[in-house]
Each structure stands twice: as structure tokens, then as C-alpha cells.
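sequence and predicted model, in that order:
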Amino acid sequence: MLGNLTIAHQGQSTAPTAAKDRAFLGELLAHPGETVSTEHLANALWPDRPPADPAHALQVRASRLRALLRSLTDPAETEPVLYSRAGGYGLDLGETGTDLARMQRALSLAGDERNPEMAAKTLREGLDLWRGEPFSDVPQTPCVLERVAHAQELRLSAVELYAELTFATETVPAPLVAELTELTSRNPLRETLHLQLIRALHA
């Protein structure tokens, strides 16, 4: 999710190539742990001109996504991941099945860690999951935009905490300056980032 949509499993990866397939997957990912109704999915995928049979059109997208999943894993493992029930579809990826969830967990673990060096290491691993703008290759529906905003805020919080931890250890990694420079340019009113950039440059 943190960049172009990619499906990865045990060192292999793939991705939907058709725009509607990416839109289908993106909308499901925008509702973690939820069953998304066929009506909502149809409105998200075809906002202007819905197909004559939206339910069938969504079945086609689901079948194509299941085929992608089967290309990476045992078919028996595919059904529990992408499920259909009660007039909708959902993804069951577990608590850390997405890069966004893993970044969030890294931020939580770092906040509970008493050792600054270990906390910084945990955060760095979470921040390294960022590959680019979240959901960058899917239509920006209201639900997707909400998840994008959540991911961006999560990254800002993680970078701010990571910076404070590195200042405490008196070791400022060079990549931190680049990250802070990028984020201050995108968030000119976020004073904490500007202060941390000044401190990092001084160090």
C-alpha cells in the first residue's frame, strides 16, 4: 500500500495490471477488516457509468484477484484471504498483513521501547517500508484518500519520533536529513519537523 499496490509472499511478488483490478484491490485495502458491500465497490469502481450487472462485474474482479493470489501461494490459502459474504467482499490479512499495518506496529513498539537505540532500529525498519505515495496507482476515492491521509500522518509521526530517538543517541543518520527535508517541504506548517531538520543539520 505504501507506493504502488504490490502483492508479496515468501520473496515473490506480483501486482494487478488492469486499472479496475487495482481499483478493486485498493478499495478493499481501504477497509481493513471489513466486508465491503457490492454496492459500495460498484460505486467506487464505476462512479459515472456502472455496468449492466455490477455483481457479475465484481465477481470477475474477484476471480482475477484470486488468480493473482494463487500464483504466489497454495490455492487452499487463497480463499481465507479474499472472501465473499453477505453481498460483499473483504480481505483477511491479519494484524500485520500490509506494509501500512507493519509501519503502525513499528511505531507502537518503538513507543513502548525503553532503549532508544532499539526503538530507533524498530522505527527505521517500519519507515523503510515506505516506497512512495500510498495507493499511488489506484483511483482516489474518498475511502482511499482517508487511508492515504492516515498513512501520511503515520509516517510523519514515525519520522518525528525517529529523529528524537537519534538525537538522544547523538548519532544522526544521513538519510534522516533527506527525509526531514522532503517532509518539511510538503508540510510547511509542521513546526516540529522544521525544528528537527535544523537540529539534524546542526549535528
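Good, I have the coordinates.

so how far is Ser108 from the nearest residue to Arg105 once chain neighbours are set aside?
Residue nearest to Arg105 in three dimensions, not counting chain neighbours: Thr96, with 5.7 Å by Cβ to Cβ, 6 or more residues apart in numbering. In this view, the C-beta of every residue, glycine as well, is placed from N, C-alpha and C. As defined by Cβ to Cβ, to the nearest Å, Thr96 lies at a distance of 11 Å from Ser108.

beyond the helix or strand containing Arg22, next helix or strand please.
Under the criterion DSSP states H and E, the helix or strand holding Arg22 is helix 19-29. Later in the chain than helix 19-29, the nearest helix or strand by DSSP H and E is strand 36-37.

what residues does that next one touch?
Glu27, Leu28, Gly87, Gly88, Tyr89, Gly90 (Cβ atoms under 8 Å, 6 or more residues apart in numbering).

give me that answer again for 10 Å
The list of residues contacting strand 36-37 from outside it, by Cβ atoms under 10 Å, 6 or more residues apart in numbering, reads 24, 27-28, 30-31, 43-44, 58, 86-91, 143.

ok, which stretches of the chain are helices?
Read by DSSP state H, the chain holds these helices, from start to end of the chain: 19-29, 38-45, 54-70, 75-81, 99-112, 116-127, 142-169, 174-186, 191-202.

which of the ones you listed is buried the deepest?
With neighbours defined by mean count of other Cβ atoms under 10 Å, none of those is more surrounded on average than helix 19-29, at a mean of 21.

which strands and helices sit next to it?
The criterion is 3 or more Cβ pairs under 10 Å, 6 or more residues apart in numbering; DSSP states H and E, and the helices and strands that helix 19-29 contacts are strand 36-37, helix 38-45, helix 54-70, strand 82-85, strand 88-91, helix 142-169.

how about these in JSON lines, adding mean pLDDT and distance to Gln196?
Written out in JSON lines, the entries for the helices and strands packed on helix 19-29 read as follows (pLDDT from 0 to 100; distance: least, Cβ to Cβ, whole Å):
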{"stretch": "strand 36-37", "mean pLDDT": "97", "distance to Gln196": "38"}
{"stretch": "helix 38-45", "mean pLDDT": "96", "distance to Gln196": "37"}
{"stretch": "helix 54-70", "mean pLDDT": "94", "distance to Gln196": "40"}
{"stretch": "strand 82-85", "mean pLDDT": "91", "distance to Gln196": "41"}
{"stretch": "strand 88-91", "mean pLDDT": "96", "distance to Gln196": "36"}
{"stretch": "helix 142-169", "mean pLDDT": "95", "distance to Gln196": "4"}
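
as TSV, these with distance to Leu129 would be great.
Shown next, in TSV, are these (distance: least, Cβ to Cβ, whole Å):
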stretch	distance to Leu129
strand 36-37	24
helix 38-45	25
helix 54-70	21
strand 82-85	22
strand 88-91	18
helix 142-169	10
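
cool, thanks, talk later.
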